[in-house]
Structures are given as C-alpha cells and as structure tokens.
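In: what's the 3D shape of this:
(2 chains)
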Amino acid sequence: MHKLRYTLGLTAGLMLAFSASAQSVEFTKDQFSDNKDGLKTALKDLKQGDEWYQSDPPRFEQALPHYLAAQELNPNNALLNFKIGHCYLNSPYKSKALPYLQKAYKLDAVVDARIRYMIGRGLHLNARWQEAIAEYKAAMPAPGTKNSTALQNDIQKKIRECESGLVLQKNATRAFIDNVGATVNSPFADYGPVITADESVLLFTSRREGGVGDDKDPDSGGYFEDIWQSVKGADGKWQPARNLGETVNTKGHDAVVALAPDGQRLITYVEDSGGDIHQAELQGTTWRKPQTLGRRVNGGQSHEPSAAYAPNGRMLYFVSNGGGEGNRGGHDIWRIDIEGKGKAENLGSVINTPYDEDGIFVHPDGKTIYFSSQGHNSMGGFDTFKSVWQNGQWSKPENLGWPINTPDDDVFFVLSASGRHGYYASSRDDSQGSRDIYMITFLGPEKPPVLSAEEPLLASRAAPVRQTLLAPAVPIATAQVTILKGTVTDADTKKPIDATIELVDNTLNQNIATFGSNASTGRYLVSLPSGVNYGIVVRKEGYLFHSENFDLPAGAAFSEVVKDIPLKKLDVGAKVVLNNIFFDFDKATLRKESTAELERIVQLMTTEYPSLRIEISGHTDNVGKAVYNQDLSQRRAKAVVDYLTGKGVPASRLTSAGYGDTQPVAPNTTKQGQALNRRTEFKVLGK
Amino acid sequence: MKQFLFLIGGLAAGFTAQAQTDTVRASTLPPAQLAEKYYNSGVAKFNNKSYQAALQDFDKALSVKKDFTPAYYNRAATRYELKQYAPAVQDYNEAIRLDPNSFTAWYGRAQAEQAQGQAAEAEKDYGKVTELKPDYAVAWYDRGALRFEKGDYQAALGDFTQAIKVDSKYAYAWHDRASTQRQLGNMAAAINDYTEALRHNPDLHVALLNRAAAKRRNKDLQGALADYNDYLRRRSDDPVGYLGRGTARYEAKDYKGAIEDLSHALKLKPDYALALNNRAAAYLKQENYKAAADDASAALKINPQYAEAYLNRGHAREMLRDAGGACQDWRRAAELGLESGTSYAAASGCE
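Out: Got it, this is the predicted structure:
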C-alpha cells in the first residue's frame, strides 16, 4: 500500500564503527575467550544484521532478530544497543527502542552523534513528554553548525508535538479502544479499515500470508497487500476474514481506500504511476476489476494514497502530493466533482499544512471530515483530526486527542454513521502482531457523577424549638368551706323543729339557698364556701325567726361550727338578736349588708304579722363611756326603726331603745364576749 | 353564687352523720371554681408534660364551663403536643370564635395547620398574627419558613428580614434568611447572615454546616473545609457533617479524602444512602468503577427511587463495559426526574 514515511529521517550517515569505551564490551576473543562458539554465532548475527541494516533502503525489521540474537551473548555493547534501538524506532514496536538507546548512551555517551535525539524520540514515543523535551533540547545543534537548520527545525517541531501531547493527554478523550479480534487481525500488518455505514461489513488491507499472490515484496520483505473482508455475524462478532479474490486483488499490492456511500463502488489504491486511486464497481455480488479514476484525480507521477466520497456520491475528497502550486506542502487534501469537468480544489490552509495530510474520511453527515496530519497540533507523527464545514468554511481541525492519537502514526480513521464507533489501525500492546485494526467507542464528554447534599436549610427544622404558648392558670378562690351544723329545737320544749333555713349573701342581698332541718331530728348541716358574708335565717311559723351571721372571707380555713338553734315561740316578751344588722364603725349608719335582715323584718311586720308590735334595741360592749354607749345604741336602734318606717311599717308598732352596755349577754372580758354584746335585738311587744 | 348548690346532710334517713358530712364537702365546690380548678390542674399537668392527663382536665373544665376560652386554647395546645392536629385546630377555632383578637390562638392554629400539612392555611394564620401583634418575631419567622419551603424566596426574605427587625438577636431568623439568600444565589449575603446567626447563637451548629456549604458554592473551598472542620470538632458524631466535608473534598478534587469522609459517615450511619451515592461518585473519579457500581447499588437497595444513584451506577457500568446495564440505569434515572439520563442514553447509543 501507499507507504507511510516512518521518518527517522536523520539516520543517514550514522557512524557504524564501534567506539572505544571503558564500559562498552566489544565482541572480541578477549572478552569471550570462554565462549568462542557463542562469539562466532554472535559475530555471524551481527554481520547478517548489518547487511539488512545497511541495505538501501535499510531493512530494520529484518536486521532486528539478528541483533537481538547477538545481544544475548553481549548485552553491554554500546553500538549494538544503539542499532537495536534504531531498528525498533523503525518498526511497529517503536516504544521498545528506549531502553536500548538509553543503555547505549550509558555505555558510551558518544556512541553516535544522534544518540540524544534518538533517546528523545524513544521518550517521545513512550509519551514521556517532559523528558523527551529535555532530550530534544540537549540534542539541539549549536547555531551556525554546518547543515544544522533542518535538524533544528525537526527538533523544534518534535518539542511542539511533545507540548501538544502534554496538553492532550491531560485532557484525554474518553473512549474505549478495542482490538477487533483475531477473526480480523493477523500476526501480520492489518490496516486501512473501511466499514459500511451500518458497521455490518469491514473491508481492510492486510499483508498476511494466503493472499492472491501469496508472495513477498522483495523491496520490503513482507507479503504483498491484499484486500480482505469480514462480515458481522448475528452475534455481533466479526466473522473470519476472507480475501476479496482475484478480481479485486492482484499479485502485487492492493489496498482498500473507501466505499462509496451507496456501497456500489470500492475505491482502491494501486501502486502505479507513483500510486493512484482506482475504483471497482459491484456487479451483483462480485466486484469488477478496479479502474483508474483518471488524470483529474491521479496526477502523472504524483502519489494519491487516500480518497472518500461525500454522501452525494459525486464529490470526491482525495489526498495527493501533486497539484502544482496549489499544494500547501507534502500531501494535501483535495476535492473534485467526479461527474463534472472542473479541476480539483485544494481544501485550503485551514486543513492542509506544510506537512503531510492523509487518510481522508467524509462522515455520512456530509459536512464533517476526518483526516490525518503531521501538522496542526499533532502529538507526533500522523494524528487524526476532525473539521466541520460550517458558515462556508472549514472549522479549525480538532485533534481527536489522547488516547486515540498517540505519538506514533494514527491514520486511516473511519467513523460509523452513528458516530459512536471509529475504526483505525494502531500498534498497541494487545496487538495480534504488527499493526492491527481497532474499534474506538467514543464515550463523549465525561458524564459527571451526581452528588447529593443534605443541608438543613431551615434552622427550625434542623433544631426545632417548641414554642407552645399556653394560657396561664387562672386565680381560684380557695374552695375551703365552713361546715355549720346543729339542731333546731323548740326553745321551750327542746323538741326538734323542721325549720326553714335561708342562706343569704349579705353583700349581694341575695338569697343563696333555702332548705330545712330534719323533721324528726331537727338536725341540719350547711356547707359555707369561704369568701361570702352569710346571713342565716332559721324560720318556723309561729316562732320568732333566728338570725346568724357567718362572714367567711376568701381563704378562710376549713372549720366546722356546731350551732344549735332553739327557736322561740312568737310570744310577747320573746326576743332575738338580729345578727345580720351591721353599722359602720362607731356610727349609727346601717351598712348595706344589713338590707336582707331589715327586709325580713319588713316582711314579718307587713305581711306575716301585720299587727305585731316590737321593740328594736341597741346594745354595746363596755368599752368607752356608758353615756356615749347608751347614745350610740339608741341612735342605732332608731336607725333600724327609721328604715322600717321608711318601708311602710307604722311607727306606732315600733319602739326603739338604747341600752348601752347595761344588758350584756356575755362577759366583756374577751373580744368574743364584747362582740356578742354589740348587738341589735328584736323584742315582741304585742301581737 | 346563685348556682351554688347546698345539700343538707342527714336529710336522707339512714345516712350516718359522718357520711352526710362527706357528701356535703364533695358536692358543695362551686361549679365555676370547678372549671377553673380543672383548668389549672390541666395547666400543671401540661407543664409536667403529662399531656394525656392534662387533656382530660381540660375536657372536664369545658364540660363544666362551655365558654371557657383559655380552656379551649389550652386543650388545643395539649392536642397539638399529642399530635392530634385536627382536633387541635377545632379547639383553636373555638378559641378564636370566643376571642378573635387573641394572637396566641391564631398562632397556635397556624402551628397545628402546619403540622397537618395545611401550609396555605398556616401561612394565612401566621399572617393574621403579624397583623394582631407585629412585634411577635416568631410569627414572621414561621411564615417566612413556610414561604421558603414553597419556594417563594422573595417573600420569605421579607419575612425573615422583618423578624430580624423585630428581634435583632433572633439567630434562627438570621440563619434562615441566610438560607434564603443562598437559594436566591446571593452567596456572599448568605455567608454574612450565617455568620450573624453564629454570632448571636454560637451553639447553632447548623449555621456552621450551612455556611460551609455556601462557601463551597461560592468556590471558597478552603473556607468551606475550615467550617466543616469546625463543625465536625463540635459534632464529630454527625454523618451529615462528614457528607458535607466529603463533598467539599470531592470538589477540591481530593477524592481520597472524600472517600475517607464518606466512609466515616457510613460508619456512623450504615444505611446512609446519600453517603453511598457520593462515595460512588468519588470512586468514579478514581476510575474505581467496580467500587462505584457497588456503592450505587447499595444506595439503591436502601432507596430504590434514588435517581442520582441510578445515574452514577450507569456511569460506572458504562466503564465496566456493561452497556446494557448502563442504558437501563440512565433511563431509570430519567424516569425518576433526572433528564440528563435521557441524553446520556441517547449519546451512548442505547436502543
């Protein structure tokens, strides 16, 4: 197939002589006196290796097995290590060169004038970007050195590639790169994959044995290229590859380049006239013999290694190093209306660089191209780029990035219609041998993981504060009571009386309750909650009513009072203390708490006993002067009489009398006795 | 006093004197006083957190005195404590009917409504409280919290500001205003308010946690980590703190540190699905896809509706070459509300 120029480029003129070194071990009898046969074999291998190594062009891959055999006897020869490294740099296994080159340098720092540069290459191809840059800089020839310009330019470009590699590897493209497997790949070089849009058919170029010619190219030593095909089975796996046969393949090199979008035309590369593009058409299920695309595409001796149809099947994109003045340098990408008559058009400087472009592929969307280039921001050799036709121009080519691209050549990339999978050839560790075809699964930009947060944004939810507002307790008058109990009897006969007992709130002048004493026992029991000035009136028809006062202020403690009440017959001369008549202190002014008692007397005089005549008398204790006490008692008695007359009781039936302290009912020696003596009495004068 | 009922001991033949006396004592308590006594007993029991007994006392008080407003109010409060929210609202209704100008009844009803999920009614009642008693900062705060929860951040901001105006030392109001500022994207203002909350109440640890998160969102990862560290010094047993710091470390690309924190959170709370999910994310960053998938699966076992965990497990499965499983997970994440799941599935060629 079209040959990639695996440029070491600067290998010509390498010194082949072994340089003397204190560390380097020479292949001499002195060194291997105990293994003469081994030395003999090693020297033979060295000679055979050198023959391949020094041939024109050099046959590095053929030289390498001989050098490695010699190396087994003597691993410490600087020049041999250098040559092995050099061979590896020009093989599909470039990354293996580095340890040999480093060892060569260690054994003999001047083993070859280019040793630092080549160590730089080894580091570069192993993606050890920073170290490679350092070595390249060390290899830079001094200004003014003879023929130094080309080397300087080359080293500067390599340094730029390493700098690109640093950036691109840091922002790696997310993709899986999988070997398509042993049913497709062989121990020989397999490359140039072409797929149908639906990924059901894979066409590729292989230099494996078993081709149409099944012979080796005398120039390279490898088998001639043939076009092979694999079909994807129902299980999604590629079926064993088969050779496309003699119609398409010849005994020489035959390589697949592209399939037309309709699948009816196969573009191949044929090594004639410098390397031209041919096209085979499908007839039924058989490809016809490829025919050249003619002079509009293939120049005289120019090299056209790659081509691809646009989806319309007319516009052909192709690579050529021809084109005269329109060429930007090396191989460029061109396009031409294959059915028209115009000349091919260079894609311009946005796409084409002074370096080589190759491996053109047009995506089925018709506006996106993929191609390989040694220019732009390649990280080394050919890298694959993408550009989109938008707004009448090509976008700046975008490097597909690490790890799709590597420091080595990454070319002939094709993409499935879905855009999900790409196919290309690469030399990787999991190769079946030499270069293999790989499928790239594009994973797209990183799918960012999603984190969850638990942030209690409301303090009252995170650390609740209970704020239940409760109405306070209410003040309660103490429900302590005074139990008043006793027996109501006839004062004379001592027999029980079923009397009526009235309970009056003197302050409010309201009857609270009325009840009676037990008819058979005369017993009664009254509960008096504190906080009230009680008037208690015991009545029985035919008897003079009995009046008691219990002033129980709020909070008064529980007590039990036994009060036997002897009722007196309403006879002339009978008298009773009016315990519920109250006066202001030291005055004859009736207090309002007296009203209920006074009204009872009014009731008695006007309704119950309309002819009753009574005396109202006032009494005092013995505190103070007797005259004063007499006067005060008189005035108080009169105040009662005045009230009664004011309520309609005829004055003729009323008498008032003031007795002062002359008729005590208890000793004045105690406060209680004095209190009993301060009283108002009611006495029946006539009925 | 008219209602006082006096019984006469010994009226009924055959009763002993002693028995008659007892009858009198028991039956002569004044009815109005009885209500108050039950009421006060209820208050005392409430204060002792004997809510069921308190409820019975308030019931008795109201059976004696039908228009006893404070008893309705306190019975409502008791029912609130017993989580009997609907009856509590009924009692508050009665208390409000009897005394429409009592802000406490409106406030109590708002709390009960809120507790039973009637946010709109509660918001309205809190509003009434702010009218009746504008200097009652708590009402402004509570309404603000409700408005925050329904996403009306501008209104919430106004309420929290008013609460702070009424009570400038109201740490909760400062805190929640900070959270509101955060929701409005005003990270600097949020950080300031969280700081004020901490100044007024240094024990309001949650403010430290949230300030850390605000700093994290404000790209001040160092400040955030300092706050998380401070928080974890105070609350070393709180898995939420480790979750937060783990996230900050993740954002600082300290995935190893993030995994340590999230593992610590899981040690404290083994069924902490969020920590499992976030650790899965950190494992993804470390390209430890198996561990990521395992953690996400564990999170999903705890919470089968966990969209984020599906999404993360999808990512892990993709990298584990389980394309079918990844597609299934992304689609499930989309079904659960994470729309990105759909685009991931589409971009990955899921059929």
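In: Check what pLDDT residue 121 gets.
Out: Just so you know, I chose chain A. At A:Arg121 the predicted local distance difference test score is 97.
In: The chain in question should be chain B.
Out: Per-residue confidence for B:Glu121 comes out at a pLDDT of 97.
In: What residues does the stretch 251-351 of chain B have near chain A?
Out: Within the stretch 251-351 of chain B, the positions adjacent to chain A are B:274, B:277-278, B:280-282, B:284-285, B:292, B:308, B:311-312, B:314-315, B:318, B:321, B:338, B:344, B:347-349 by Cβ under 8 Å from any Cβ of the partner chain. C-beta coordinates here come from the backbone N, C-alpha and C atoms, glycine included.
In: Quick one: buried ones out of the residues you listed?
Out: Burial of these was assessed by neighbour count (16 or more other Cβ atoms under 10 Å in any protein chain shown); the buried members are B:274, B:277-278, B:280-282, B:284-285, B:292, B:308, B:311-312, B:314-315, B:318, B:338, B:344, B:347-348.
In: Can you pull the poorly scored residue ranges out of the chain?
Out: In the absence of a named chain, chain A is used. A:1-22, A:466, A:476-481, A:554-558 (pLDDT under 70).
In: look at chain B instead
Out: B:1-32.
In: how long is stretch A:502-520 end to end?
Out: As for stretch A:502-520, its first-to-last residue distance stands at 19 Å under the measure Cα to Cα, to the nearest Å.
In: and the stretch 101-250 of chain B, which of its residues are near chain A?
Out: Proximity of the stretch 101-250 of chain B to chain A (Cβ under 8 Å from any Cβ) is limited to residues B:104, B:107-108, B:111, B:138, B:141-142, B:145, B:148-149, B:171-172, B:175-176, B:179, B:182-183, B:197, B:204, B:206-207, B:209-210, B:213, B:240, B:243-244, B:247, B:250.
In: Just the ones of the residues you listed in helices?
Out: Using DSSP state H, B:104, B:107-108, B:111, B:138, B:141-142, B:145, B:148-149, B:171-172, B:175-176, B:179, B:182-183, B:197, B:206-207, B:209-210, B:213, B:240, B:243-244, B:247, B:250 are the members of those that sit in helices.
In: Select only the buried ones of the residues you listed in PyMOL?
Out: With 16+ other Cβ under 10 Å as the burial test, the buried ones among those are selected in PyMOL as follows:
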select buried, chain B and resi 104+107+108+111+138+141+142+145+148+171+172+175+176+179+182+197+206+207+209+210+213+240+243+244+247+250
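In: what's in contact with stretch A:131-150?
Out: A:114, A:116-117, A:119-121, A:123-124, A:151-152, A:155, A:158-159, A:162-163 (Cβ atoms under 8 Å, 6 or more residues apart in numbering or on different chains).
In: Run through the helices of the stretch 251-351 of chain B in chain order.
Out: When secondary structure is read from DSSP state H, counting those that start in this stretch, the stretch 251-351 of chain B shows helices at B:255-268, B:273-285, B:289-302, B:307-319, B:323-335, B:340-347.
In: Pick out the residue of the stretch 201-350 of chain B closest to chain A.
Out: Ranking the residues of the stretch 201-350 of chain B by distance to chain A (Cβ to the nearest Cβ) places B:Ala281 first, at 3.4 Å.
In: Show me which residues of the longest helix anywhere in chain B are buried.
Out: Longest helix in chain B, counting residues (DSSP H): helix B:31-47. Neighbour counts over helix B:31-47 (16+ other Cβ under 10 Å) mark B:32-43, B:45-46 as buried.
In: could you pick out which of these are near chain A?
Out: Restricting those to those near chain A - Cβ under 8 Å from any Cβ - leaves B:Gln33, B:Glu36, B:Lys37, B:Tyr39, B:Asn40, B:Val43, B:Phe46.
In: and the residues you listed as CSV, adding distance to A:Phe32?
Out: Supplementary listing: those in CSV, determined by distance: Cβ to Cβ, whole Å:
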residue, distance to A:Phe32
B:Gln33, 126
B:Glu36, 121
B:Lys37, 121
B:Tyr39, 117
B:Asn40, 116
B:Val43, 111
B:Phe46, 106
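In: Closest to A:Trp129 out of those?
Out: Proximity of those to A:Trp129 (Cβ to Cβ) peaks at B:Phe46, which lies at 76.7 Å.
In: continuing past the lengthiest strand in chain A, what's the next helix or strand?
Out: With DSSP state E applied, the strand covering the greatest number of residues in chain A is identified as strand A:481-490. Going down the chain from strand A:481-490, the next helix or strand is strand A:500-505, by DSSP states H and E.
In: Direction included, what does that following strand pair up with?
Out: Each strand that pairs with strand A:500-505, with its direction, by DSSP bridges: strand A:510-516 (antiparallel), strand A:532-539 (antiparallel).
In: ok so, going back, quick one: which of the contacts of stretch A:131-150 sit in helices?
Out: With helices taken from DSSP H, the overlap with the contacts of stretch A:131-150 comprises A:116-117, A:119-121, A:123-124, A:151-152, A:155, A:158-159, A:162-163.
In: Of those residues, which are in range of chain B?
Out: Filtered for proximity to chain B (Cβ under 8 Å from any Cβ), those leave an empty set.
In: Just the buried residues out of those, in ChimeraX syntax.
Out: Below is the selection syntax for ChimeraX that covers the buried ones among these, with 16+ other Cβ under 10 Å defining burial:
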select /A:116,117,119,120,121,123,124,151,155,158,159,162
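In: how far away is the residue nearest to A:Gly245 when sequence neighbours are not counted from chain B?
Out: In space, not counting the residues next to it along the chain, A:Gly245 is nearest to A:Val212; the distance is 7.2 Å by Cβ to Cβ, 6 or more residues apart in numbering or on different chains. For A:Val212, the distance to chain B (Cβ to the nearest Cβ, to the nearest Å) stands at 37 Å.
In: does A:Gly144 sit in a helix or strand, and which one?
Out: When secondary structure is defined using DSSP H and E, no element contains A:Gly144, which sits outside every helix and strand.
In: so how many other residues sit close to it?
Out: Burial measure for A:Gly144: 6 neighbouring residues, criterion other Cβ atoms under 10 Å in any protein chain shown.
In: Torsion angles phi and psi at it?
Out: Here the main-chain torsion angles of A:Gly144 (degrees, to the nearest 10) amount to phi 90, psi -10.
In: Please report the distance of it from chain B.
Out: A:Gly144 sits 48 Å away from chain B, going by Cβ to the nearest Cβ.
In: where does the nearest residue to A:Lys216 once chain neighbours are set aside fall, phi/psi-wise?
Out: If you skip the residues right next to it in sequence, A:Lys216 has A:Tyr223 as its closest partner in space, 5.5 Å away by Cβ to Cβ, 6+ apart. Main-chain torsions, A:Tyr223, degrees, to the nearest 10: phi -70, psi 150.
In: Using the three-state scheme, assign the spatially most central residue of chain A.
Out: Centroid check for chain A by Cα atoms, centre = their mean gives A:Leu451 as the closest residue, at 2.1 Å. Judged by DSSP: H, G, I helix; E, B strand; the rest coil, the three-state class of A:Leu451 is coil.
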